[in-house]
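Engineer: sequence unavailable; structure follows:
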């Protein structure tokens with residue numbers, strides 16, 4: 001039997017790099033606090049590596065796993081890209097890691113990313129903005 005995870009139990013982190021270790025630990029490099037990437041003034045294009053970590057704490061079952069990413073302009077960067085079939089066991093977190101290398105954009109503002117587990121959608125966002 002499948003129990004769809006609740007939206008409130010899905011945490012989202014944005015970092016330069018995230019790697020899953022033995023024992024369920026995560027190694028996080030370059031965490032962006034508040035899911036905000038700040039770029040120097042005068043920069044015309046952001047070129048970096050980014051990683052998205054979705055940590056699903058409740059629910060259980062096997063889910064078809066996809067994600068989508070949309071720029072502030074509405075431009076679709078990724079549309080329902082299939083990741084894998086994810087298995088969420090009761091009492092254990094499901095960790096979905098997405099790396100984009102390189103991440104290149106000339107847009108600033110709010111980017112929308114969504115994790116999809118079967119028909120359930122978990123929308124999150126991050127911002128790219130210039131330093132004050």
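Structural biologist: Received it, and whenever you're ready, just let me know what you need. Keep in mind the model is a prediction, meaning the values are calculated, not measured. Residues are numbered from 1 along each chain as shown.
Engineer: which residues does residue 37 form a beta bridge with?
Structural biologist: Judged by DSSP bridges, the bridge partners of residue 37 are residue 128.
Engineer: hmm, it is touching residue 130, no?
Structural biologist: No: with contact defined as C-beta atoms under 8 Å, residue 37 does not count as touching residue 130 (10.2 Å). Heads up, the C-betas are built off the backbone N, CA and C, glycines and all.
Engineer: check contacts around residue 45.
Structural biologist: Each residue near residue 45 by C-beta atoms under 8 Å, 6 or more residues apart in numbering is listed here: 104, 105, 106.
Engineer: one step back: who has more neighbours, residue 37 and residue 130?
Structural biologist: Remark: of residue 37 and residue 130, residue 37 carries more neighbours, 20 against 12, as counted by other C-beta atoms under 10 Å.
Engineer: what's near enough to touch the more buried one?
Structural biologist: 14, 46, 48, 50, 126, 127, 128, 129.
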